[in-house]
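Visitor: Give the three-dimensional model of this entry:
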Amino acid sequence: FADEVKAFAPSLNFKNPNGVCWTKDGFLIVAEHNRVLNFPAAEFFYEGPDVAVGTVVPQGKLIPTEHESYNHGARTCRVGPDNKLYITLGQPFNVQPADKVDEFNRLGIGGIVRMDLDGSNREVFAIGARNSVGQDFNPKDGTLWWTDNQTDGMGNDIPPGELNRSTKKGEHFGYPYWGGKVKVAGTAAAPDLKDMKEPANAIFPQVELPAHQAQLGMTFYSGKQFPAKYRGGIFMASHGSWNRSPASGALIQYVPLKADGTAGKMETFAEGWLNAETGIYSGRPVDVAVMKDGSLLISDDYVGAIYRVTYAGKEPTAPVDARSTAGAEARRARRALEAFHVKGADTTKAVAAALPALSSPDRFIRYAARVALEAIRRVGTKDRRAIADAALAIRDFDGALGHWGFDENGDTTMRTLTISVVKNGRFEFEEV
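Guide: Numbering: from 1, shown residues only. Sure thing, here's the model as predicted:
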């Protein structure tokens, strides 16, 4: 487990800072319910009251304050290939009333807005959405894909959720007339829209998702660790239904892409957070992200955890021959491990001994080397070079998450975030 969790920029009064994304220059963008901030040095100065921060959109200017609502107020953001900032704006009703449709389309509420990174040149990019809480750009063709949670009050099985694809500015995705390919206007959920005209050239979803599963975050898989079938496709986090009977969702879904860039057939990638017999959740996935090493992170706001999924299906599992080169590497790794557990050991030499084993073709040797490097947290030392080497090796080799630093006595501390491993088929799940 992580030894502690620290609040980011505690001096700021955040209001639903759900949307986080990075610029190409490494600046952190935080999109709140009705404000957008830019942190140019987020990774270095974030715990003190004097954190460096700039305003992209001032408080009360992302949407008119009269449209602020508890409902559908979680924003998401991405920086596009055009270096512009894209922000999803859920509309605050189950279905917006007739007198709000045109206003919301004009403002981009129930859609996506984009702007320069300083907040200038804002424009409405897409309309006809209900509540999008996940978006990502396809790195191959630059199109923007996004999830959309659909209308309540029409039954357990309609309308479907949506996975949409935006190819250009100005597209209309049908809502509130359509929810998927199901007509919403004029139903019991939207009786005042009975005379609404069908939007011209409405774009229907690439994938109609099971009703009420609440697909939230999504990402294109850009890594190489997983088998080839997953590369370039989309992972989505389904948070799970809130009032459907029986409950549905709480899983990770995968959508492959065809050669023409459109969606293939969706499949379930990971499940088990919902007991089908009792309807009780043991977890509720929120978002997904790809690590540098190609593993997949899954956040869960029900238990307050982040899981890491790794693929180990093709790793060598044969025992190491002590007479082989690999055997020598294993012995070096073990000696490095032992050195870390000795108070006052030469940690620089121990790190140097462990580093070559990180590139071993045998995963057990790599694991031993990583344990050796992480073990520095249990040894008091002021050898900052050794600490830096170990931290960088762990980060660069397999994306392990951790924070290294010094306590008040100058001794090393490491708050490692990697814990137990549970095997699921050929994938390994870690809670971090």
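Visitor: Quick check: A190 touching K100?
Guide: No. At 11.5 Å, A190 does not count as touching K100 under the criterion of CB atoms under 8 Å. For the C-beta atoms, the positions are set from N, CA and C on the backbone; glycine is no exception.
Visitor: what about these two, which has more around it?
Guide: Shown here are A190 and K100; by other CB atoms under 10 Å, A190 has more neighbours (24 against 18).
Visitor: quick one: the strands in the stretch 201-350 of the chain?
Guide: For the stretch 201-350 of the chain, the strands defined by DSSP state E, counting those that start in this stretch cover 207-209, 215-220, 234-238, 251-255, 267-270, 285-290, 296-300, 305-311.
Visitor: Buried residues, the fifth one. List them.
Guide: For strand 267-270, the buried set under the neighbour-count rule, 16 or more other CB atoms under 10 Å, comprises 269-270.
Visitor: Which neighbouring elements make contact with that strand?
Guide: strand 251-255 (3 or more CB pairs under 8 Å, 6 or more residues apart in numbering; DSSP states H and E).
Visitor: need the contact list for V30.
Guide: Contacts for V30 (CB atoms under 8 Å, 6 or more residues apart in numbering) come out as 14, 17, 19-20, 36-39.
Visitor: Secondary structure of it: a strand, I assume?
Guide: Yes. Counting by DSSP: H, G, I helix; E, B strand; the rest coil, V30 falls inside a strand.
Visitor: what touches both of A190 and K100?
Guide: With CB under 8 Å, 6+ apart, A190 and K100 have no common neighbours.
Visitor: okay, the strands of the stretch 201-350 of the chain, which one's buried deepest?
Guide: strand 234-238 (a mean of 27; mean count of other CB atoms under 10 Å).
Visitor: Which neighbours in the sheet does that strand have, and how are they oriented?
Guide: Based on DSSP bridges, the pairing partners of strand 234-238 within the sheet are strand 215-220 (antiparallel), strand 251-255 (antiparallel).
Visitor: Can you dump the C-alpha atoms of the last one in PDB for me?
Guide: This file holds the C-alpha atoms of strand 251-255, laid out as PDB (Å, rounded to 0.1, in the frame of the first residue of the first chain):
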ATOM      1  CA  LEU A 251     -16.300  -3.900 -15.700                       C
ATOM      2  CA  ILE A 252     -13.600  -3.000 -18.300                       C
ATOM      3  CA  GLN A 253     -14.600  -3.300 -21.900                       C
ATOM      4  CA  TYR A 254     -12.400  -3.400 -25.000                       C
ATOM      5  CA  VAL A 255     -13.300  -2.200 -28.500                       C
END
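Visitor: So which residues of the stretch 51-200 of the chain form strands?
Guide: Under DSSP E, counting those that start in this stretch, the stretch 51-200 of the chain gives strands at 54-57, 77-79, 85-89, 111-115, 123-127, 135-137, 144-148, 161-166, 171-172, 178-179, 182-183.
Visitor: Out of those, flag the one nearest T268.
Guide: Nearest of the strands of the stretch 51-200 of the chain to T268, taken as CB to CB: strand 161-166 at 14.4 Å.
Visitor: Please identify the buried residues of stretch 172-183?
Guide: 172-180, 182-183.
Visitor: Between which two of the residues you listed is the distance greatest?
Guide: Going by CB to CB, the pair spanning the buried residues of stretch 172-183 furthest: H172 and V182, at 16.6 Å.
Visitor: where does the stretch 301-432 of the chain have low pLDDT?
Guide: 314-350, 353, 359-432 (pLDDT under 70).
Visitor: And for the stretch 101-250 of the chain?
Guide: In the stretch 101-250 of the chain, no residues with pLDDT under 70.
Visitor: can you rerun that using 90?
Guide: Within the stretch 101-250 of the chain, the ranges that satisfy pLDDT under 90 run 243.
Visitor: Correct me if wrong: Q213 contacts G249.
Guide: Yes. Using CB under 8 Å, Q213 makes contact with G249 at a distance of 3.4 Å.
Visitor: Give me the more crowded residue out of those two.
Guide: Between Q213 and G249, counting by other CB under 10 Å, G249 is the more crowded of the two (26 against 23).
Visitor: List the contacts of that one.
Guide: Here G249 is in contact with 210, 212-214, 238-241, 274 (criterion: CB under 8 Å, 6+ apart).
Visitor: follow-up on the earlier one: could you name every residue contacting both of Q213 and G249?
Guide: With CB under 8 Å, 6+ apart, Q213 and G249 have common neighbours 238-241.
Visitor: of all those residues, which comes closest to G153?
Guide: So of the shared contacts of Q213 and G249, ranked by how close each gets to G153 (CB to CB), first place is S241, at 13.2 Å.
Visitor: Wait, that closest one touches L251, no?
Guide: No. Applying CB under 8 Å, one finds S241 not in contact with L251, separated by 11.6 Å.
Visitor: what sits in contact with each of those two?
Guide: Q213.
Visitor: So which of the strands of the stretch 201-350 of the chain is nearest N156?
Guide: strand 207-209 (14.0 Å).
Visitor: List of residues touching the closest one?
Guide: By CB under 8 Å, 6+ apart, strand 207-209 touches 147, 160-163, 180-181, 215, 238, 253, 255, 263, 266.
Visitor: between the residues you listed, which is nearest A357?
Guide: Distances from A357 to the contacts of strand 207-209, taken by CB to CB, are shortest for Q253, at 37.3 Å.
Visitor: can you map out the helices along the stretch 201-350 of the chain?
Guide: For the stretch 201-350 of the chain, the helices defined by DSSP state H, counting those that start in this stretch occupy 325-340, 347-354.
Visitor: Of the contacts of V30 - the most surrounded one?
Guide: V36 (25 neighbours).
Visitor: got the contact list for that one?
Guide: 29-30, 55-57, 62, 77, 85, 87, 119.
Visitor: Count the residues that sit near D99.
Guide: Around D99 there are 8 residues (other CB under 10 Å).
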